[in-house]
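Enquirer: fold the following for me, if possible:
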Amino acid sequence: MTDGSDKHSGKPINPGRRSLTKFEIGGIVVLSALVHFGLWWLYKHSPIQHPKPMKLQQGPPPIQVTLTKPQPVEKVPVIDTHAVMPPKKKKPKPKPKPKPRPKPQPKPEPKPKPQPKPEPKPEPKSQPKPDPKPEPKPAPKPSPSSNKITPAVSGLQSLGNPPPHYPSRALRRHEEGNVKLKILVEPNGTAGSVTVIKSSGYSDLDNAAVETVKKWRFKPAKRGNTPIRGYALQTISFNIPD
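Expert: Numbering: from 1, shown residues only. Here you go, the predicted structure:
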């Protein structure tokens with residue numbers, strides 16, 4: 001027999017209440033989880049109904065306001081019967097017209113006095129005329145022959161000038177040709193400058209012609225009878241003798 005108390009703790013045991021086992025507690029937890037899962041599944045798969053939009057009531061129609069300019073009210077003059085009337089103005093009397101003045105009579109014009117006759121002026125004495133001066137004679141015009149220009153003249157035999165010396169090297173090489181020269185002739189008949197205007201094709205022949213013509217004498221150019229500087233042309237021929 002027991003005395004109704006726990007041996008270990010010494011607390012009294014309630015005979016009408018039974019403690020839950022581990023299996024019962026596990027079953028309660030599983031059942032609670034199933035209930036929550038089912039509620040979650042229904043929430044996710046249930047269709048969502050959107051609320052219908054509310055119809056807005058149409059407002060009252062717009063009011064149109066028209067502004068008009070007020071017409072001016074004509075003022076009616078008010079006649080005061082007790083007012084004192086101003087005295088009437090009297091018409092002015094017309095002024096008498098002035099009498100016309102008598103026209104002045106014209107004065108008699110004085111007669112012109114007779115003018116004395118002018119005395120005749122004495123005639124001037126005639127002076128003797130001077131003798132006319134003799135007109136100067138015009139200066140004699142220079143004759144056209146006095147200004148005529150005669151060109152300078154060059155020549156070999158006609159002026160007694162010596163012929164050019166044939167260069168020995170040109171002979172050995174059998175060089176031949178003609179050299180055309182332009183000579184500036186001084187007033188004293190000597191050559192101022194000699195220029196080759198057409199070469200023979202060989203420098204030895206050209207140089208020999210220039211050196212020879214520089215020693216020649218020429219007839220200078222003239223203006224009338226006065227010697228002047230002028231140009232002359234001369235051709236020197238180099239031919240190998242047979």
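Enquirer: how about residue 196, phi and psi?
Expert: Dihedral pair for residue 196: phi -80, psi 120, per degrees, to the nearest 10.
Enquirer: for it, give me its contacts.
Expert: Contact analysis of residue 196 by Cβ atoms under 8 Å, 6 or more residues apart in numbering lists 179-181, 206, 209-210. The C-beta positions use only the backbone N, C-alpha and C, and glycine is treated the same way.
Enquirer: is residue 191 in contact with residue 213, as I believe?
Expert: Yes: with contact defined as Cβ atoms under 8 Å, residue 191 counts as touching residue 213 (6.3 Å).
Enquirer: picking up where we left off before, for residue 30, state which of the contacts of residue 196 is nearest.
Expert: Nearest to residue 30 among the contacts of residue 196: residue 206, at 140.7 Å, using Cβ to Cβ.
Enquirer: check which helix or strand covers the closest one.
Expert: According to DSSP states H and E, residue 206 maps onto helix 203-213.
Enquirer: ok, and what's touching that helix?
Expert: By Cβ under 8 Å, 6+ apart, helix 203-213 touches 154, 162-167, 169-170, 175-177, 179, 181, 183, 191, 194, 196, 199-200, 234, 236, 238.
Enquirer: please flag which of the residues you listed sit within strands.
Expert: 177, 179, 181, 183, 191, 194, 196, 234, 236, 238 (DSSP state E).
Enquirer: can you pick the most crowded of these?
Expert: In terms of neighbours by other Cβ atoms under 10 Å, the ones in strands among the contacts of helix 203-213 top out with residue 179 at 25 neighbours.
Enquirer: so what's it scoring on pLDDT?
Expert: We have a pLDDT of 95 for residue 179.
Enquirer: what ranges do the helices span in the chain?
Expert: Ranges of helices within the chain are 22-45, 168-172, 203-213, based on DSSP state H.
Enquirer: in the shortest one, which residues are buried?
Expert: Which is helix 168-172. Buried positions in helix 168-172, judged by neighbour count with 16 or more other Cβ atoms under 10 Å: residue 170.
Enquirer: ok so, going back, pick out the shakiest of the helices of the chain, pLDDT-wise.
Expert: helix 22-45 (a mean of 87).
Enquirer: before we move on, the earlier item: what is in contact with residue 191 and residue 213 at once?
Expert: Contact criterion Cβ under 8 Å, 6+ apart; residues bridging residue 191 and residue 213 by contacting each: residue 183.
Enquirer: can you tell me the number of residues neighbouring residue 151?
Expert: A count of nearby residues for residue 151, using other Cβ under 10 Å, gives 14.
Enquirer: ok so, going back, distance to residue 111 for the helices of the chain - can I get that in TSV?
Expert: As requested, the helices of the chain are arranged in TSV below (distance: least, Cβ to Cβ, whole Å):
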stretch	distance to residue 111
helix 22-45	156
helix 168-172	130
helix 203-213	115
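Enquirer: residue 225 is nearest to which of those helices?
Expert: Residue 225 lies closest to helix 203-213 among the helices of the chain, at 26.4 Å (Cβ to Cβ).
Enquirer: for the closest one, C-alpha coordinates in CSV please.
Expert: Listed in CSV are the C-alpha atoms of helix 203-213, where the atom choice follows Å, rounded to 0.1, in the frame of the first residue of the first chain:
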residue,chain,number,x,y,z
SER,A,203,85.5,75.7,-129.9
ASP,A,204,88.9,76.0,-131.5
LEU,A,205,87.4,77.6,-134.7
ASP,A,206,85.1,79.9,-132.7
ASN,A,207,88.0,81.2,-130.5
ALA,A,208,90.3,81.7,-133.5
ALA,A,209,87.6,83.8,-135.3
VAL,A,210,86.9,86.0,-132.2
GLU,A,211,90.6,86.7,-131.5
THR,A,212,91.3,87.6,-135.2
VAL,A,213,88.3,90.0,-135.6
